[in-house]
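Visitor: fold the following and give me the result.
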Amino acid sequence: MLVFPPLCHGCGCCTPICSERAIREVPDVMGVLERSPGEAGISFARGVLYFGEPMAVPIIRQLKRWLKPQTGQVEIVDAPPGTSARLWNPARHRFRPAGHRADALWAVRGLNVPTGLVINRDGSDSTQVDEFCQAGGIPVLMRVPFERNIAEGVARGRSLIQILPEYADRFRQLMNEIAALLAGTEKTESVL
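Guide: Next up is the predicted model:
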């Protein structure tokens, strides 16, 4: 039997269906989950893949199990960059119900999840993103420009607010826009 362990999603389906019992699952530590209380009552959690691990889906699944948002709690999700199937899959997986195959936009709409977009590294090539958002009725809540000074600051371990202090007010405004999206809905999750 030929298998590719680095590409395993960890669904566990292969083990029970193998008639020869030739497959068994073993734990594979592929990253870590981290949590911080954050500032101003905003908590933060993330899943960090170890270098060279190609599959984000298992760590996203564990992060979802680890964190159980409370009713009325806003959850802000940052998805990996890119539009290829491999890079978009973790974002799509984050929002789809188990066993359901659909793109992320369809999935969040089907779940009645209020949706907005923050565009990071926004630049002259954002026309397709803007057209997609406009066609899908997705509000662009904030844009972070693609600028060298931001990249240099982040590479030195500085936050965007340390690099450009005016973004502190923009993030407060962003939180107000998220609250406005959530007003009057039963779901309490915001997708960014």
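
Visitor: only C-alpha atoms from now on, for both contacts and neighbour counts.
Guide: OK.

Visitor: need the longest helix for the chain.
Guide: The helix that spans the most residues within the chain, counting by DSSP state H, is helix 167-182.

Visitor: buried sites along that one?
Guide: Within helix 167-182, the residues scored as buried using 16 or more other Cα atoms under 10 Å are L174, E177, I178, L181, L182.

Visitor: let's see that helix as CSV, backbone CA atoms only.
Guide: The C-alpha coordinates for helix 167-182 follow below in CSV (Å, rounded to 0.1, in the frame of the first residue of the first chain):
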residue,chain,number,x,y,z
TYR,A,167,-4.3,51.8,12.8
ALA,A,168,-5.3,51.7,16.4
ASP,A,169,-8.3,53.9,15.5
ARG,A,170,-8.9,51.9,12.4
PHE,A,171,-9.1,48.6,14.4
ARG,A,172,-11.5,50.2,16.8
GLN,A,173,-13.6,51.2,13.8
LEU,A,174,-13.3,47.7,12.4
MET,A,175,-14.7,46.3,15.7
ASN,A,176,-17.6,48.7,15.4
GLU,A,177,-18.3,47.5,11.9
ILE,A,178,-18.2,43.9,13.0
ALA,A,179,-20.7,44.7,15.7
ALA,A,180,-22.9,46.4,13.2
LEU,A,181,-22.8,43.3,10.9
LEU,A,182,-23.8,41.1,13.9
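
Visitor: just put the buried residues of helix 167-182 in JSON lines and tack on distance to C11 and pLDDT.
Guide: Compiled in JSON lines, the buried residues of helix 167-182 are given as follows (distance: Cα to Cα, whole Å; pLDDT from 0 to 100):
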{"residue": "L174", "distance to C11": "36", "pLDDT": "90"}
{"residue": "E177", "distance to C11": "36", "pLDDT": "87"}
{"residue": "I178", "distance to C11": "33", "pLDDT": "85"}
{"residue": "L181", "distance to C11": "34", "pLDDT": "82"}
{"residue": "L182", "distance to C11": "32", "pLDDT": "78"}
